[in-house]
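S.K.: how would this look folded up:
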Amino acid sequence: MKAILNNFTDASLAHRWWFLGGVLVVVGALSLGVPKVGITSDHFVLFSDDNPQLQTFEQFEDTYVETNRVLIAVSPKQGTIYTKEALAFIEYLTEDAWLVPHATRVDSLVNFDHSEAIDGDLFVAPLVENAADLTDSDVERIQDIAQNSRELVDRLVSEDGSIAAVVINFVFPEERDAAVIEVTDYLRTFIASAQEEFTSFDLYTTGDVVLQRTFFDATQADMFTLIPIVFLVIVVLTFALLRSLFATLAVTLLVICTINVTMGLAGWLSTILNPVTAGIPVIVMTLAIADSIHIVTSTLANMREGMEKRSAIKEALHSNAFPVTVTSLTTALAFLSLNASDSPPFHVLGNFVAFGVIMAWVLSFTLLPALLAVLPLRALPKKEGTRSPFENFANFVISRRYWLLGGGVLVILLTISGVFRLEFTDNWTQYFDKRYKFRTDSDFIAENLTGLESWEFSLDSGQDGNVTDVEFLAKVEAFSSWLREQEEVGYVQTFTDTMKRLNMNMNNDDESFYRLPDDSTLAAQYLLLYEFSLPFGRDLTDQIDIAKAATRVTAAAQDGMTADELKAVASRAEDWLKENAPSLATETTGFTIVFAHLSERNIDSMLLATVIAMGLISMLLVILLKSLTMGFISLLPNYVPAALTFGVWGHFVGSVGLAGSVMTAIAFGIIVDDTTHFLSKYQLARRRGESPESAIRFTFNRVGRALWTTTVVLACGFIVFSLSGFAVTWMLGMMLTITVIFALIADFLFLPPLLLAIDRRK
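M.R.: Next up, the predicted model:
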């Protein structure tokens with residue numbers, strides 16, 4: 001291997017211009033794919049096709065209607081919505097909402113299908129018509145009806161009348177992304193125009209269609225904001241730490257080429273990015289610098305020792321070939337383990353980052369030495385008699401070894417205890433921070449009108465046309481009543497409310513008849529009569545299936561519930577059905593439930609993969625370091641940082657979502673780099689016959705600056721993620737930042753005392 005490396009290094013330096021040209025041609029060809037990278041707005045990309053909760057939800061949507069929905073909330077700046085002006089504005093919004101592309105249904109207080117008995121006949125009409133001509137008594141009547149309607153309060157109008165909603169449903173074509181952009185662009189213009197004309201009202205929007213557009217916007221924002229910032233941070237920090245303009249230029253060119261090759265391949269493979277995968281360029285950029293920093297730092301150190309530049313480059317490549325190769329393999333392996341995740345975007349993230357890491361390794365031994373050879377690289381000679389600050393630090397660690405080892409164990413145990421306070425949860429309404437209008441509007445609507453999380457149930461009678469069977473209706477009503485009794489439930493939308501209202505209407509609006517019909521045939525007749533009276537686009541397909549065999553029950557959750565709380569209510573509801581109406585037993589579904597299980601499924605899928613990856617990496621270190629003792633010693637500084645991060649997160653944050661399910665695998669592959677470099681240099685010194693103390697000093701002198709430099713760059717690169725408005729991205733960035741800092745602390749303050757305590761052989 002040494003002979004091969006020698007020959008390759010000699011060739012790359014002797015024919016550096018050919019190497020540069022050849023590498024840049026390949027990089028240029030792959031870079032042509034960059035413009036082909038797409039962006040998706042589909043939030044369901046977070047879920048795999050075999051996700052059972054997603055499959056249940058898709059079956060539910062096939063039975064009823066797709067939940068492509070936008071809710072526009074209307075809030076008068078003064079008073080309530082029960083004024084002629086407010087009702088006229090809601091009427092205007094309701095009518096114009098039909099003009100939004102792909103709209104198939106519009107629901108509001110204004111067009112609510114109010115039914116009543118007139119001269120013994122059933123009369124169905126919108127609750128509000130020609131709002132501009134309403135009298136005060138008309139408005140009072142509308143208010144009285146609305147405030148006493150279970151079908152309206154906390155769904156389309158707040159209990160105190162301070163806010164009302166216009167809900168638009170959509171059916172999208174196959175080109176879903178384009179349709180979402182079209183709809184949301186139209187809505188933004190429409191709402192801006194409405195607010196300009198009607199200045200007495202505030203408008204707020206939420207819903208899964210708005211969420212999808214926010215996914216798209218967040219991806220774009222991260223791509224066009226984080227990448228330039230990280231690039232600038234890397235260039236500035238590299239220059240500050242290397243103190244060489246041309247060395248910084250070489251590192252920068254390597255990073256640019258690595259990014260272009262990685263994203264170019266992504267483009268040629270028609271990769272579609274989303275908020276999770278938007279971090280690929282930033283992660284690759286941050287990791288690509290690690291290999292090059294070690295080689296460049298060693299080159300400059302060799303030149304300071306008096307070596308001629310070509311010899312300095314050759315020696316740097318030789319001394320770093322083993323640790324750089326090992327760290328590249330372990331990092332790539334860690335990211336490849338993300339293929340075990342239940343969330344497909346992490347497969348894409350893992351595969352392309354792994355590819356980027358390997359490309360950075362390839363370019364570090366081809367492009368980088370050629371660049372260093374052709375650039376006028378200079379290094380200030382080392383001053384005679386001066387001590388390296390890292391040698392002084394090594395002496396400090398050696399003299400305080402027992403205190404550092406004992407204190408380190410105590411700090412580790414106390415910090416890790418925070419893990420038991422962690423709660424894994426995902427809330428789709430909080431995936432974005434308050435810089436996004438979707439988040440602020442959703443928070444306002446959840447606080448003032450209705451909770452945005454909900455549980456959906458499809459209750460099947462078992463027979464076509466049997467949805468009006470009185471026994472079936474009684475069971476549905478009992479279940480709906482039980483849901484209303486749960487403190488976590490805000491409101492319940494159920495078909496039995498419609499049937500009770502119809503029964504009252506057909507009995508001269510006598511309120512004592514606000515109950516389910518006693519006869520199934522009569523109930524079927526009521527339903528048929530009601531359906532014939534409904535206008536276009538106002539049918540009941542959102543409540544009962546086409547075969548009239550099943551009905552839908554929707555329970556809206558109170559604001560601010562965690563994933564565990566949402567799942568607990570779902571479990572209780574399923575248990576109630578099994579015990580009290582076994583023929584109706586069903587699985588809880590809904591957009592909220594699909595998301596509530598996201599972190600849990602990812603943790604389950606990643607747990608084994610992470611253990612296997614960590615085990616393989618540890619075995620690889622044992623084999624490559626050719627020492628079981630060194631392999632064992634490497635475990636603690638490699639495993640502890642991620643555990644410490646979760647501990648800190650548990651103490652100070654308390655909850656972690658999707659990011660936490662993959663953080664350990666990613667972090668382990670990154671932090672093992674420092675340990676590998678440290679142990680390889682320590683082992684080299686020990687094989688030369690130096691004592692453990694001298695080997696520690698040698699190691700700090702040889703790799704201390706490089707480890708410090710890469711950690712600073714990695715930490716600053718990952719902390720830029722915290723600028724993202726997408727929760728998964730900023731949370732992952734913050735956790736990785738904390739982890740790499742803990743890794744450096746472990747390698748500088750904990751690993752040396754551990755080596756001195758265990759490695760006592762002469």
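
S.K.: for stretch 167-184, what is the average pLDDT?
M.R.: When pLDDT is averaged along stretch 167-184, the result is 92.

S.K.: meant to ask about stretch 27-41, not that
M.R.: 90.

S.K.: same question, stretch 541-548
M.R.: Rounded mean pLDDT across stretch 541-548 is 91.

S.K.: got a list of contacts for it?
M.R.: 63-65, 105, 169, 458, 464-468, 493, 495, 498, 550-552 (C-beta atoms under 8 Å, 6 or more residues apart in numbering). All C-beta spots, glycine's among them, are computed from the backbone N, C-alpha and C.

S.K.: got the CA coordinates for stretch 65-83 in PDB?
M.R.: The C-alpha trace of stretch 65-83 is given here as PDB (Å, rounded to 0.1, in the frame of the first residue of the first chain):
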ATOM      1  CA  VAL A  65     -62.600  13.400   0.000                       C
ATOM      2  CA  GLU A  66     -58.900  14.400  -0.100                       C
ATOM      3  CA  THR A  67     -57.900  16.700   2.700                       C
ATOM      4  CA  ASN A  68     -56.400  19.300   0.400                       C
ATOM      5  CA  ARG A  69     -57.700  22.300   2.400                       C
ATOM      6  CA  VAL A  70     -57.100  26.000   3.100                       C
ATOM      7  CA  LEU A  71     -58.800  27.700   6.000                       C
ATOM      8  CA  ILE A  72     -59.100  31.500   5.800                       C
ATOM      9  CA  ALA A  73     -60.000  33.000   9.200                       C
ATOM     10  CA  VAL A  74     -61.800  36.400   9.300                       C
ATOM     11  CA  SER A  75     -61.300  38.500  12.400                       C
ATOM     12  CA  PRO A  76     -62.900  41.900  12.700                       C
ATOM     13  CA  LYS A  77     -60.600  44.500  14.200                       C
ATOM     14  CA  GLN A  78     -63.600  45.600  16.300                       C
ATOM     15  CA  GLY A  79     -66.700  43.800  17.500                       C
ATOM     16  CA  THR A  80     -67.800  40.400  16.300                       C
ATOM     17  CA  ILE A  81     -68.600  38.800  12.900                       C
ATOM     18  CA  TYR A  82     -72.300  39.200  13.700                       C
ATOM     19  CA  THR A  83     -72.700  42.500  11.800                       C
END
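
S.K.: show me how far it is from its chain's centre.
M.R.: The chain centroid and the centroid of stretch 65-83 are separated by 29 Å under C-alpha atoms, centre = their mean, to the nearest Å.

S.K.: so which bits of that stretch are buried?
M.R.: Neighbour-count burial for stretch 65-83 flags 65, 67-76, 80-83 (criterion: 16 or more other C-beta atoms under 10 Å).

S.K.: which single one of these is nearest to residue 261?
M.R.: Residue 261 lies nearest to residue 68 out of the buried residues of stretch 65-83, by C-beta to C-beta, at 38.1 Å.

S.K.: surely that closest one is in contact with residue 170?
M.R.: Yes: using C-beta atoms under 8 Å, residue 68 makes contact with residue 170 at a distance of 4.1 Å.

S.K.: which neighbours do these two have in common?
M.R.: Common neighbours of residue 68 and residue 170, counting by C-beta under 8 Å, 6+ apart, are 102, 209.

S.K.: of the contacts of stretch 541-548, buried ones?
M.R.: By neighbour count, with 16+ other C-beta under 10 Å, those hold 63-65, 105, 169, 458, 466-468, 493, 495, 498, 550-552 as buried.

S.K.: ok, now how distant is residue 231 from residue 728?
M.R.: Separation of residue 231 from residue 728 (C-beta to C-beta, to the nearest Å): 22 Å.
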